[in-house]
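requesting a structural model of the entry that follows:
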Amino acid sequence: MHPDVRTILEIGGQDSKIILIDNGIVVDYAMNTLQAARLGVKVEDFGDIALKSEDPTPIAARCTVFAESDLVHKAQMGYEKRDIIAGLCRSIVNNYLNNVARGKNIQSPIVFQGGVSKNKGVRKFFKEALNEEIIVDEVGHLAGAIGIAILANKMGEHKGFDFEITDIEFTTKGVNCNKCPNHCEIMCVLKDGKLIDSWGNRCERGAIRKI
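So this is what the prediction gives:
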């Protein structure tokens, strides 16, 4: 959907990740495993409420436990709900950039995807923190599902893929190619020990083909 993308920011319900891309090839990747109920606010309303804040409340967000504790404390102290929500959105961005994206060379175009990409407040603070435009696709929250559907369709057409996978073992293996100065790290996917796909090579020397 965005062939020129250089950086993918993704925050979903279970984890957050960053993917760096150079000429269509994934060159770096990091992932990290991951409070609306406490504030009596529907999560789908978070973004709109956050945008109304002019003074986001600082929220400690080193982890979910600290964030929840600090959120409750700030609410008890009488901070405005919109400011707490904006602070929570900003803390999500700060936590992501200080942990998942720490040391990463973030370049535009930048795509933000995953369920949290629907949160206008988080999008705003990413834009402010990175000083770059943030692309959010209309179906960005479904990017993972769309990707696996495309792969399944390709495998069905060319590699005999079917959905009878209960007793099938899928494994991955990283291979370092030293056949040219690129030194690509190639990811191989094996089905019951047999190679079915690979990616990550920037030239034909590093191509690893199905056996």
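
packing partners for the lengthiest helix in the chain?
Identified as the longest helix of the chain according to DSSP state H is helix 81-98. For helix 81-98, the packing partners by 3 or more Cβ pairs under 8 Å, 6 or more residues apart in numbering; DSSP states H and E come out as strand 7-11, helix 46-50, helix 64-76, helix 120-130. Heads up, the C-betas are built off the backbone N, CA and C, glycines and all.

strand partners (parallel or antiparallel) of the helix or strand just after it?
Per DSSP states H and E, the first helix or strand lying C-terminal to helix 81-98 is strand 110-113. According to DSSP bridges, strand 110-113 forms sheet pairs with strand 7-11 (parallel), strand 134-135 (parallel).

winner for burial among those strands?
Ranked by mean neighbour count, the strands paired with strand 110-113 are led by strand 7-11 with a mean of 24 (mean count of other Cβ atoms under 10 Å).

following element in sequence after it, please.
Next along from strand 7-11, by DSSP H and E: strand 15-22.

what's the angle between that following strand and helix 81-98?
Angle of strand 15-22 versus helix 81-98, following axes from the mean of the first three to the mean of the last three Cα atoms, to 10 degrees, is 50 degrees.

packing partners of strand 15-22?
Using 3+ Cβ pairs under 8 Å, 6+ apart, the elements in contact with strand 15-22 are strand 7-11, strand 25-33.
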